[in-house]
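[1] okay, predicted coordinates and the sequence, questions at the end:
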Amino acid sequence: MAGESSPERAAAALTGPAALPRQNGELVFAAPWEGRVFGMAVALHDQAAYPWDAFRDSLIAEIARAEAAGEGSGYYERWLAAFERLLVEQALLDAAAIDARTAEIAARPPEADHQ
């Protein structure tokens with residue numbers, strides 16, 4: 001991440017449709033999973049799993065794809081799709097592993113991680 005002092009600063013520098021949702025300057029997460037996927041993307045970048053530009057480009061492409069398709073998905077749904085695609089493209093996980101983990105989490109009772 002040339003010229004950036006932190007992944008958080010790189011994330012904050014996203015502009016246009018890729019800009020992070022904010023309210024009064026603070027990041028806005030409507031649900032706990034949104035903050036988690038944000039943190040995972042930043043943490044993996046921080047550990048040099050991929051360059052931030054690769055994530056940014058994936059996010060911009062996902063936003064454009066979703067808008068062109070007329071999808072009503074929210075910002076972090078697009079963030080998640082971009083993150084999953086990047087994990088596969090960077091050979092960090094394969095799609096089957098992502099699908100299996102998603103199914104495992106979806107099978108849990110609501111609020112299982114918040115007790």
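    Looks like it arrived, so ask away.

[2] quick one: Glu71 from Val28, how far?
    20 Å (C-beta to C-beta, to the nearest Å). From N, CA and C alone the C-beta is placed, and that goes for glycine too.

[3] then Leu80?
    From Leu80 to Val28 the distance is 16 Å (C-beta to C-beta).

[4] same question, Ala18
    Taking C-beta to C-beta, one finds Ala18 at 15 Å from Val28.

[5] more neighbours: which of those two?
    The neighbour count for Ala18 versus Val28, taken as other C-beta atoms under 10 Å, is higher for Ala18 (22 against 13).

[6] list the residues that contact the more buried one.
    Ala18 sits next to Arg56, Leu59, Ile60, Ile63 when contact means C-beta atoms under 8 Å, 6 or more residues apart in numbering.

[7] then Asn24?
    Applying C-beta under 8 Å, 6+ apart to Asn24 gives no contacts.

[8] so where's the protein shaky on pLDDT?
    1-8, 10, 113-115 (pLDDT under 70).
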